[in-house]
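>>> What shape does this take:
(chains A and B)
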Amino acid sequence: MIPSKEEMYAALEERHGKELQKLFSETAVVICGLGGLGSNVAISLARAGLGRIHLIDFDRVDISNLNRQQYFPEQLGQYKTEALKDTLLKIAPYCDITSQAVKLDEENIPVLLADFPIVCECFDNAEQKAMLVNSVLENFPDKKLVAASGMAGLGSANSIVTKRIARNFWLCGDGKSDVNEGLGLISARVAVCAAHQATMVLRIISGKDEA
Amino acid sequence: MVKLNGEQHELAGKTVTEMLNDNGYDPKRVAVELNLDILPKSQYESTVLKDGDSVEVVSFVGGG
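Numbers count the residues shown, from 1 in each chain, chains lettered A, B, ... in the order given. This next block holds a predicted model:
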């Protein structure tokens, strides 16, 4: 037996306070890319009691993802959108979780991201990151955008920071650790960067815009 | 003088594309903010920097 919607909401209110929980529960966030960043961001936001989380990724779960992404061996081959949605619904059964297995590009971004006041950029390819950030900032100057760059390897977790780049654009990461140089992506350090992103999203919802 | 990522540089008269190339940026991996506004990629070639401009270049690396 899982708790009722009211019981779960009351438990969140108890933790976060009525005012903040109301804000969380009224907010919709879209997560673009469901790898090591996106899967961790989604779990943090689901646990915080967000009202709606929309998941976008065209890819399927691969064995090479399991070192850092929040999927299970039994989910290999599934669309990440579906696999992550199942996990998020176990964590937050009353969260409105929607998804689209689609590749975002300059043409479809203005349509597919239109409904969401907060956008998380969680891609892993540098050119795709730049494409999404440019498209969102050009098309939607009023949306809040939280992106990430530089979290590969085993550099100190303390070098990963959140910076406010523009009025509605925040960037998390160390800014330089490229996945194509040296060590690849390691679970804990990617999760640190994802936690920076999720924290910034929750801060923005609570009215704190400073990094 | 033009402020690039917080430091003054002699960049007045150069286009944004020239500024990116001269400073080792890959135009496909950056977002450019000019005087606090995002500069659309389509305007990199035609935008000429002038004295007093402030430019922020965010350069993305891979991984996620």
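>>> Show me what the helix or strand of chain B with the lowest mean pLDDT packs onto, helices and strands only.
Across the helices and strands of chain B, the lowest-confidence element by mean pLDDT, DSSP states H and E is strand B:37-38, at a mean of 92. Judged by 3 or more C-beta pairs under 8 Å, 6 or more residues apart in numbering or on different chains; DSSP states H and E, strand B:37-38 is in contact with helix A:126-139. Just so you know, the C-beta spots here come from the backbone N, C-alpha and C atoms, and that holds for glycine as well.
>>> rerun at 10 Å
helix A:126-139, strand A:161-166 (3 or more C-beta pairs under 10 Å, 6 or more residues apart in numbering or on different chains; DSSP states H and E).
>>> C-terminal to the first one, what's the next element?
Heading C-terminal from helix A:126-139, the first helix or strand you meet, by DSSP states H and E, is strand A:144-148.
>>> what's the angle between that following strand and helix A:126-139?
170 degrees (axes from the mean of the first three to the mean of the last three C-alpha atoms, to 10 degrees).
>>> Give me the distance from strand A:144-148 to the chain's centre.
9 Å (C-alpha atoms, centre = their mean, to the nearest Å).
>>> dump the residue contacts of the residue sitting furthest away from the middle of chain B.
In chain B, counting by C-alpha atoms, centre = their mean, residue B:64 sits farthest out from the average C-alpha position, at 24.6 Å. Taking C-beta atoms under 10 Å, 6 or more residues apart in numbering or on different chains as the criterion, residue B:64 is in contact with A:33-38, A:68-69, A:121-126, A:128-129, A:147-149, A:151-152, A:173, A:179, A:185, A:190, A:193-194.
>>> Tell me the confidence at it?
What the model reports as pLDDT for residue B:64 is 96.
>>> how about the helices of chain A, start to end?
Under the criterion DSSP state H, chain A contains helices at A:5-16, A:18-25, A:36-47, A:80-91, A:109-112, A:126-139, A:187-205.
>>> measure residue A:14 to chain B for me?
With the distance defined as C-beta to the nearest C-beta, to the nearest Å, residue A:14 ends up 34 Å from chain B.
>>> That residue reaches residue A:21, doesn't it?
Yes. With contacts counted by C-beta atoms under 10 Å, residue A:14 reaches residue A:21, the gap being 8.9 Å.
>>> okay, these two: which has more neighbours?
residue A:21 (19 against 10; other C-beta atoms under 10 Å in any protein chain shown).
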